[in-house]
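# A structural model of the following input is requested.
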Amino acid sequence: MTAKHGKKYKAALAKVELDKEYSVHEAVALAKETTTTTFDSTVEAHIRTGLDPRQADQQVRDVVVLPHGLGKTVRVLVFAQGEGATAARSAGADLVADDDETLKKIEGGMLDFDVAIATPDAMGKVGRLGRVLGPRGLMPNPKAGTVVNADDLPRAIKEAKAGRVEFRLDKTANIHVSVGKASFSAEQLYDNFSALMAAIHKARPSGAKGDYIKRVTLTTTMGPGIKVNASETQKLEGIG
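Sure, this is the predicted structure:
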(Lines give C-alpha, C1' and ligand atoms only; values in the text may rest on other atoms or scores of the structure.)
Protein backbone atom coordinates (compact mmCIF):
# COMPACT_ATOMS: atom_id res chain seq x y z
CA MET A 1 0.00 0.00 0.00
CA THR A 2 1.47 3.34 -1.07
CA ALA A 3 1.53 6.13 1.48
CA LYS A 4 -0.48 9.20 0.62
CA HIS A 5 1.34 12.50 0.47
CA GLY A 6 -0.02 16.00 0.98
CA LYS A 7 0.01 18.96 -1.38
CA LYS A 8 3.27 20.36 0.03
CA TYR A 9 5.12 17.10 -0.59
CA LYS A 10 3.73 16.76 -4.11
CA ALA A 11 4.72 20.36 -4.90
CA ALA A 12 8.22 19.70 -3.59
CA LEU A 13 8.48 16.43 -5.49
CA ALA A 14 7.56 18.22 -8.72
CA LYS A 15 10.79 20.25 -8.40
CA VAL A 16 12.97 17.11 -8.33
CA GLU A 17 13.99 15.17 -11.44
CA LEU A 18 13.87 11.65 -10.01
CA ASP A 19 16.26 10.12 -12.54
CA LYS A 20 18.82 12.91 -12.38
CA GLU A 21 22.00 12.73 -10.33
CA TYR A 22 22.57 16.28 -9.12
CA SER A 23 25.89 17.91 -8.34
CA VAL A 24 26.46 18.47 -4.61
CA HIS A 25 25.88 22.23 -4.94
CA GLU A 26 22.61 21.62 -6.83
CA ALA A 27 21.47 18.97 -4.35
CA VAL A 28 21.94 21.06 -1.20
CA ALA A 29 20.19 24.04 -2.81
CA LEU A 30 17.30 21.79 -3.87
CA ALA A 31 17.09 20.23 -0.40
CA LYS A 32 16.55 23.71 1.07
CA GLU A 33 13.99 24.51 -1.62
CA THR A 34 11.97 21.33 -1.11
CA THR A 35 11.63 21.31 2.67
CA THR A 36 7.93 20.80 3.48
CA THR A 37 7.67 21.18 7.26
CA THR A 38 6.67 24.17 9.36
CA PHE A 39 9.59 23.41 11.72
CA ASP A 40 13.28 23.57 10.84
CA SER A 41 13.82 20.29 8.98
CA THR A 42 16.88 18.14 9.41
CA VAL A 43 18.90 17.51 6.24
CA GLU A 44 20.05 13.90 6.00
CA ALA A 45 22.47 11.99 3.80
CA HIS A 46 21.62 8.39 2.94
CA ILE A 47 24.50 6.42 1.46
CA ARG A 48 23.98 3.04 -0.21
CA THR A 49 27.22 1.04 -0.20
CA GLY A 50 28.41 -2.05 -2.03
CA LEU A 51 29.62 -3.60 1.22
CA ASP A 52 28.50 -6.88 2.82
CA PRO A 53 27.60 -6.06 6.44
CA ARG A 54 28.06 -9.74 7.37
CA GLN A 55 31.80 -9.58 6.68
CA ALA A 56 34.14 -8.40 9.45
CA ASP A 57 36.52 -6.76 6.96
CA GLN A 58 33.71 -4.73 5.35
CA GLN A 59 32.54 -2.75 8.40
CA VAL A 60 32.45 1.06 8.54
CA ARG A 61 32.36 2.91 11.83
CA ASP A 62 34.01 6.26 12.43
CA VAL A 63 33.37 9.85 13.44
CA VAL A 64 33.55 13.23 11.74
CA VAL A 65 33.39 16.78 13.07
CA LEU A 66 30.97 18.75 10.89
CA PRO A 67 32.40 22.26 10.44
CA HIS A 68 29.05 23.97 11.03
CA GLY A 69 27.61 21.53 13.57
CA LEU A 70 24.08 20.15 13.45
CA GLY A 71 22.16 23.27 14.37
CA LYS A 72 21.19 22.06 17.82
CA THR A 73 22.50 22.23 21.36
CA VAL A 74 24.32 19.01 22.19
CA ARG A 75 24.11 17.88 25.81
CA VAL A 76 27.17 15.86 26.88
CA LEU A 77 27.29 13.34 29.72
CA VAL A 78 30.67 12.12 31.00
CA PHE A 79 31.27 8.96 33.01
CA ALA A 80 34.47 9.57 34.99
CA GLN A 81 35.99 9.43 38.44
CA GLY A 82 38.24 11.64 40.57
CA GLU A 83 40.42 13.96 38.46
CA GLY A 84 38.59 12.87 35.31
CA ALA A 85 35.26 14.05 36.76
CA THR A 86 36.84 17.37 37.75
CA ALA A 87 38.32 17.78 34.25
CA ALA A 88 34.94 16.98 32.67
CA ARG A 89 33.16 19.67 34.69
CA SER A 90 35.85 22.22 33.88
CA ALA A 91 35.57 21.37 30.18
CA GLY A 92 31.84 22.10 30.09
CA ALA A 93 30.19 18.68 30.42
CA ASP A 94 26.44 19.10 31.03
CA LEU A 95 26.32 16.14 33.38
CA VAL A 96 29.04 14.11 35.10
CA ALA A 97 28.19 10.61 36.35
CA ASP A 98 30.74 10.00 39.08
CA ASP A 99 28.45 8.64 41.78
CA ASP A 100 26.10 5.67 42.20
CA GLU A 101 23.03 7.90 42.53
CA THR A 102 23.48 9.34 39.03
CA LEU A 103 24.22 5.89 37.60
CA LYS A 104 20.98 4.56 39.12
CA LYS A 105 19.02 7.46 37.60
CA ILE A 106 20.45 6.66 34.13
CA GLU A 107 19.71 2.96 34.67
CA GLY A 108 16.16 4.00 35.46
CA GLY A 109 15.79 5.87 32.19
CA MET A 110 17.15 9.39 32.78
CA LEU A 111 18.51 10.04 29.30
CA ASP A 112 18.39 13.83 28.83
CA PHE A 113 21.71 13.93 26.98
CA ASP A 114 22.79 13.46 23.36
CA VAL A 115 26.35 12.12 23.70
CA ALA A 116 27.95 9.96 26.40
CA ILE A 117 31.73 9.98 26.89
CA ALA A 118 33.64 7.82 29.37
CA THR A 119 37.15 7.41 30.72
CA PRO A 120 38.52 3.83 30.67
CA ASP A 121 38.46 3.52 34.48
CA ALA A 122 34.72 4.24 34.50
CA MET A 123 33.78 1.63 31.88
CA GLY A 124 33.30 -1.09 34.50
CA LYS A 125 30.30 0.78 35.91
CA VAL A 126 29.11 1.92 32.47
CA GLY A 127 28.92 -1.72 31.34
CA ARG A 128 25.87 -2.42 33.46
CA LEU A 129 24.02 0.38 31.64
CA GLY A 130 24.42 -1.30 28.25
CA ARG A 131 20.79 -2.39 27.99
CA VAL A 132 19.70 1.25 28.49
CA LEU A 133 22.39 3.07 26.49
CA GLY A 134 23.01 0.52 23.72
CA PRO A 135 19.60 0.56 21.97
CA ARG A 136 19.74 4.38 21.87
CA GLY A 137 23.23 4.54 20.42
CA LEU A 138 24.58 6.22 23.56
CA MET A 139 27.01 3.55 24.77
CA PRO A 140 30.58 4.93 24.93
CA ASN A 141 32.84 3.10 22.48
CA PRO A 142 36.56 3.45 21.69
CA LYS A 143 35.90 3.12 17.93
CA ALA A 144 33.52 6.06 18.09
CA GLY A 145 36.04 8.12 20.05
CA THR A 146 33.77 8.29 23.11
CA VAL A 147 36.09 6.37 25.45
CA VAL A 148 39.05 8.67 26.11
CA ASN A 149 41.71 9.28 28.74
CA ALA A 150 41.05 12.04 31.28
CA ASP A 151 43.49 14.44 29.61
CA ASP A 152 41.59 14.04 26.32
CA LEU A 153 38.21 14.92 27.84
CA PRO A 154 38.33 18.67 27.00
CA ARG A 155 38.90 17.90 23.30
CA ALA A 156 36.25 15.16 23.19
CA ILE A 157 33.65 17.34 24.92
CA LYS A 158 34.42 20.32 22.67
CA GLU A 159 34.13 18.20 19.52
CA ALA A 160 30.87 16.61 20.67
CA LYS A 161 29.33 20.04 21.26
CA ALA A 162 30.73 21.41 17.98
CA GLY A 163 29.05 18.82 15.77
CA ARG A 164 30.97 15.60 16.05
CA VAL A 165 28.84 12.79 14.65
CA GLU A 166 29.31 9.07 14.32
CA PHE A 167 28.56 7.19 11.12
CA ARG A 168 28.32 3.45 10.76
CA LEU A 169 27.19 0.78 8.32
CA ASP A 170 23.81 -0.71 9.19
CA LYS A 171 22.56 -4.25 8.53
CA THR A 172 21.18 -3.23 5.12
CA ALA A 173 24.57 -1.86 3.90
CA ASN A 174 23.44 1.75 4.27
CA ILE A 175 24.84 4.72 6.19
CA HIS A 176 22.45 7.42 7.44
CA VAL A 177 23.78 10.71 8.82
CA SER A 178 22.33 14.15 9.57
CA VAL A 179 24.32 16.99 7.99
CA GLY A 180 22.50 20.06 9.31
CA LYS A 181 19.24 21.98 9.18
CA ALA A 182 17.22 23.36 6.28
CA SER A 183 17.80 26.83 7.76
CA PHE A 184 21.56 26.47 7.13
CA SER A 185 22.96 28.30 4.12
CA ALA A 186 23.62 26.17 1.04
CA GLU A 187 27.35 26.74 1.62
CA GLN A 188 27.15 25.47 5.21
CA LEU A 189 25.33 22.34 4.08
CA TYR A 190 27.88 21.86 1.31
CA ASP A 191 30.75 22.11 3.80
CA ASN A 192 29.13 19.64 6.23
CA PHE A 193 28.24 17.17 3.48
CA SER A 194 31.75 17.45 2.01
CA ALA A 195 33.34 16.74 5.40
CA LEU A 196 31.08 13.72 5.89
CA MET A 197 31.72 12.20 2.47
CA ALA A 198 35.48 12.78 2.73
CA ALA A 199 35.44 10.91 6.06
CA ILE A 200 33.35 8.05 4.65
CA HIS A 201 35.70 7.61 1.68
CA LYS A 202 38.68 7.72 4.04
CA ALA A 203 37.03 5.00 6.16
CA ARG A 204 36.72 2.59 3.20
CA PRO A 205 37.32 -0.87 4.72
CA SER A 206 40.07 -3.19 3.50
CA GLY A 207 37.56 -5.80 2.35
CA ALA A 208 35.57 -3.45 0.10
CA LYS A 209 35.13 -4.79 -3.44
CA GLY A 210 33.74 -3.12 -6.55
CA ASP A 211 31.74 0.07 -6.02
CA TYR A 212 32.20 1.24 -2.43
CA ILE A 213 29.56 3.98 -2.72
CA LYS A 214 26.66 2.98 -4.98
CA ARG A 215 24.13 5.71 -4.36
CA VAL A 216 23.93 8.94 -2.37
CA THR A 217 20.66 10.69 -1.55
CA LEU A 218 19.97 13.94 0.29
CA THR A 219 16.61 14.53 1.90
CA THR A 220 14.93 16.77 4.44
CA THR A 221 12.50 15.60 7.13
CA MET A 222 9.42 14.33 5.23
CA GLY A 223 10.83 15.81 2.00
CA PRO A 224 11.58 14.02 -1.31
CA GLY A 225 14.89 12.26 -1.94
CA ILE A 226 17.45 14.02 -4.13
CA LYS A 227 20.06 11.85 -5.85
CA VAL A 228 23.64 13.11 -5.68
CA ASN A 229 26.32 12.26 -8.24
CA ALA A 230 28.16 9.52 -6.32
CA SER A 231 31.39 9.83 -8.33
CA GLU A 232 31.61 13.54 -7.45
CA THR A 233 31.64 12.67 -3.73
CA GLN A 234 35.02 10.94 -4.19
CA LYS A 235 36.62 14.32 -4.92
CA LEU A 236 35.18 16.16 -1.93
CA GLU A 237 37.58 17.22 0.80
CA GLY A 238 36.92 17.68 4.49
CA ILE A 239 36.81 21.28 5.63
CA GLY A 240 39.11 22.49 8.39
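# and residue 191, how many neighbours does it have?
22 (other CB atoms under 10 Å). Any C-beta I mention is one placed from the backbone N, CA and C, and that applies to glycine too.
# so how far is residue 11 from it?
For residue 191, the distance to residue 11 (CB to CB, to the nearest Å) stands at 28 Å.
# quick one, domains of this protein?
Under the assignment automatic domain parsing, the domains of the chain span 7-70+164-235, 76-161.
# which residues touch residue 166?
For residue 166, the contact set (CB atoms under 8 Å, 6 or more residues apart in numbering) comprises 61-63, 137, 144.
# can we see that at 10 Å?
By CB atoms under 10 Å, 6 or more residues apart in numbering, the contact list for residue 166 reads 61-64, 115, 137, 141, 143-146, 177.
# which residue is nearest the centroid of the chain?
Closest residue to the average C-alpha location of the chain: residue 165 at 3.8 Å, with CA atoms, centre = their mean.
# can you put the contacts of residue 166 in JSON lines and add secondary structure?
Converted to JSON lines, the contacts of residue 166 look like this (DSSP: H, G, I helix; E, B strand; the rest coil):
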{"residue": "61", "secondary structure": "strand"}
{"residue": "62", "secondary structure": "strand"}
{"residue": "63", "secondary structure": "strand"}
{"residue": "64", "secondary structure": "strand"}
{"residue": "115", "secondary structure": "strand"}
{"residue": "137", "secondary structure": "coil"}
{"residue": "141", "secondary structure": "coil"}
{"residue": "143", "secondary structure": "helix"}
{"residue": "144", "secondary structure": "helix"}
{"residue": "145", "secondary structure": "coil"}
{"residue": "146", "secondary structure": "coil"}
{"residue": "177", "secondary structure": "strand"}
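# Perfect, I'm done here.
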